[in-house]
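Engineer: coords below, sequence missing:
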DNA sequence: CTGAAAGCGCTTACAG
DNA sequence: CTGAAAGCGCTTACAG
C-alpha cells in the first residue's frame, strides 16, 4: 500500500491515523492508495506495536433485563465512533464469575473497562487497580475519591418511593424483592430509612427472596405477602418485573389495585405504563448512565482529566395510577 | 517465562497450547512457571503470528428483544470455553447498518461470523463470501446448499398457528404485525397459505405496521383493527410483545378474550404465560439455535466437516387460554 | 521430541 | 515534515 502511494510505511501509517504533521498532498495520495487497494490496517499488528488494544469490556449482571441492555446500547453508541470495540461480559450476579471474566479480559490488554456497581471480590478489585486499566463504575455512586463512577443513589431512590407512598396516606407499606443484588438491598435500606423516620417500620413487612426476578415470581410473592399480612395497604416492589407480575396476579387474587393495595415498582421498564392500572415507578437514567460513563472512560483512556470522579445522574419518581 | 522454565520459547508456546508432542515433564515445568509468573500469552502477538484472531462477531437486529438475548447467551456459552470472544453487533434491522458493521468487523480478521437470517445487501453478502470467514446464519432455514444455517421455518410456524385458530373454529382471523422484518413477513406468508387453503383469506384482515414493536403498539393496533373490523373473532399477532399489549388493552376496550376475540402471539416471551388469560403462542428454539449455530461455527472454524449445512430445529405450538 | 531463525504488520523512538 | 532501524511477543516452517 505504501508502495502504491510511493511513500514509506511510516508515512502511510501516520497519514492514515492523522498523527503528527504529514504533507497534505501525501495524506491524499496515501488515502487514495488505501481506498483503491481496500487496505485496512491489521488491528493485531497495531495492538502489538503500540502496546494497546481497542477493546473495552463491559461487565453487566444480566442481559435478560432491559435495564442493562439500555446501558449497553448507550455505551456502544459512544465507543464505536471513537474506534473502540465493546466486549459484553455477563456475570449473572456472581462475583466469582466476574473475577474469572476479568482475568480473561485482562489477558487481552483492554484499553478500558466498565463495571456494574462496586460489589466484587477483593481479588477482582485488586486486579483492576493493579492493571492500571482505566475503569468506570456504572449504576451506583460512592463517596470514595479514588474510583470513577456514573450512577445515582439507589438508597435515595428507594427512600423517595417509600416517601411517596407515605404521602399518599398508606400506612402498612411492604417491601418485596427478589434477586437481592447490592442495588436492590440499597433500595431496601432507603425503604427502611423512610419508614423508620415516619415511625412505621415493621421488619415483618419485608419479603426478600433470593430467587431470580420475573413476572411469575412477582405474582407469587405478592400472594404470599397478602396471605401473611392481609392488612398491607401498599407494596413497593424492588423492580418493575415483580410489580408487573403482581399487577397481573391481582385480579386472580381478587385484590383491587390501588383500592385495596397500592403497588409500586422500580426502573420504569417497558410495559409498566401499559399495565392496568398503570404502574407507579422510579424512572432511572439508564441511557444517560451508559453515555456519561462511556464518555468519562473515553477521557480517561486518552489521559484527559475528568471534571468529577463521581457523577450522580439522579432519578425520577413517576406516579401513575397503581398508587 | 520460557527462561524460568528453562526451555525455549517455542517449547513453552507448544506446551501451553497443548500442540504437538512435548515431553510431559516439560509441559509441567512450563505450566508451573506460567502460573508462578501469572503469564498470559499476548493475544495480539498470537493473532499477528498465527494470522488468525479469536474474535467472533454476532450480528442481531436488536438487543431489546429477549429473543436475541437468549440466542446470544447460548452462543456465548459455547464459544467462550473454546477460547473465542463473541462480539455483539446490533443492526437495528437496517441492512446498510449491517453492511457497515460487517466492514468494521472484517477489518479485525474475525475467526468466524454469526448472522441473523438471510436478508442483507448484495454487497454484504458478497463481502462475507469473499472473506472466506466461516459463517453460520441463525433464525431461518433455506434450501440453498452453499450457506450454513440453524433455524426453523418461520412460514410453517405462521401456518401452524393459523391452522390452530381454524381448528378452534375461528372464522374471521386477522394478522397483526409491526416491525415487518423478513421473518415477520414469512410468518404472514404462512398465515396466508393456511387461510387460502381453507378458503377464508381476506386481505383486509391484515394489519401491517412498520413501526417498532412494543406493548403499546400492540394495544393500539388491536383497537384499530377492531374499529375497522368488528366481526374479527381471532387475531394472530406476529409476536408476543404485540399480543401482550392487546391482552392488556382488552379490558379497556371492553373486549372479552377469548370469548369475543381470541388472541395468539409468537415466540413465547417472558410474561406470556402470566397474562390473563394466558397467551397462546409458538415456542421458538432460541437457546438451541444459539447453541447449535455456535457449535456448527466451531466445526467450520476448525475445518471439520459438518453433517448438514442447514439444521431445522422446529417450533412448538403452545396452546393456552387466550384462544 | 526440541530448537534457531525468520517473520507476522504494524508503530515507537531516534535522526535528520 | 519524512525516513531507516528496531522491535512489539508470539508462531510458522524448517532442521535435526
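Structural biologist: Good, I have the coordinates. All of these numbers come straight from a predicted model, not from anything done at the bench. Numbers count the residues shown, from 1 in each chain, chains lettered A, B, ... in the order given.

Engineer: Residue A:114 is in contact with residue A:139, correct?
Structural biologist: No: using C-beta atoms under 8 Å, residue A:139 is not in contact with residue A:114; the gap is 10.3 Å. To be clear about C-beta, it is placed using only N, CA and C from the backbone, and glycine gets the same treatment.

Engineer: Compare these two (neighbour count), which wins?
Structural biologist: Taking neighbours as other C-beta atoms under 10 Å in any protein chain shown, residue A:139 and residue A:114 compare with residue A:114 leading, 30 against 26.

Engineer: close enough to count as contact, the more buried one and residue A:136?
Structural biologist: Yes: counting by C-beta under 8 Å, residue A:114 does reach residue A:136; the two are 5.6 Å apart.

Engineer: Where does pLDDT dip in chain A?
Structural biologist: Confidence mapping of chain A against pLDDT under 70 gives the ranges A:19-21.

Engineer: domains of it?
Structural biologist: Under the assignment automatic domain parsing, the domains of chain A span A:2-41, A:53-152+A:286-314, A:154-283.

Engineer: What residues does the stretch 1-150 of chain A have near DNA strand D?
Structural biologist: A:7-8, A:10-11, A:14, A:20-23, A:25-26, A:45, A:48-49, A:51 (C-beta under 7 Å from any atom of the strand).

Engineer: which among those end up buried?
Structural biologist: A:7, A:11, A:14, A:22, A:26, A:48 (16 or more other C-beta atoms under 10 Å in any protein chain shown).

Engineer: Also near DNA strand C: which of those, exactly?
Structural biologist: Answer for these near DNA strand C (C-beta under 7 Å from any atom of the strand): residue A:48.

Engineer: now for the buried ones among the residues of the stretch 1-150 of chain A next to DNA strand D, which pair is the farthest apart?
Structural biologist: Comparing all pairs in those by C-beta to C-beta, the longest separation belongs to A:26 and A:48, at 25.5 Å.

Engineer: got the angle between the strand or helix carrying residue A:246 and helix B:240-253?
Structural biologist: Using DSSP states H and E, residue A:246 falls within helix A:240-253. Inter-element angle recorded for helix A:240-253 and helix B:240-253: 40 degrees (by axes from the mean of the first three to the mean of the last three C-alpha atoms, to 10 degrees).

Engineer: And helix A:240-253, what's buried?
Structural biologist: For helix A:240-253, the neighbour count (16+ other C-beta under 10 Å) marks A:240, A:241, A:242, A:243, A:244, A:245, A:246, A:247, A:248, A:249, A:250 as buried.

Engineer: tell me which parts of the stretch 101-250 of chain A are close to DNA strand C?
Structural biologist: Near DNA strand C, when you scan the stretch 101-250 of chain A using C-beta under 7 Å from any atom of the strand, you find nothing.

Engineer: Could I get the full set of strands for the stretch 101-250 of chain A?
Structural biologist: A:113-116, A:135-139, A:148-151, A:173-177, A:206-208, A:234-237 (DSSP state E, counting those that start in this stretch).

Engineer: Residue A:57 contacts residue A:113, doesn't it?
Structural biologist: Yes: the pair formed by residue A:57 and residue A:113 meets the contact definition of C-beta under 8 Å, at 5.8 Å.

Engineer: was I right about residue A:273 contacting residue A:279?
Structural biologist: Yes: counting by C-beta under 8 Å, residue A:273 does reach residue A:279; the two are 7.1 Å apart.

Engineer: Who has more neighbours out of the two?
Structural biologist: More neighbours surround residue A:279 than the other of residue A:273 and residue A:279, with 28 against 15 (other C-beta under 10 Å).
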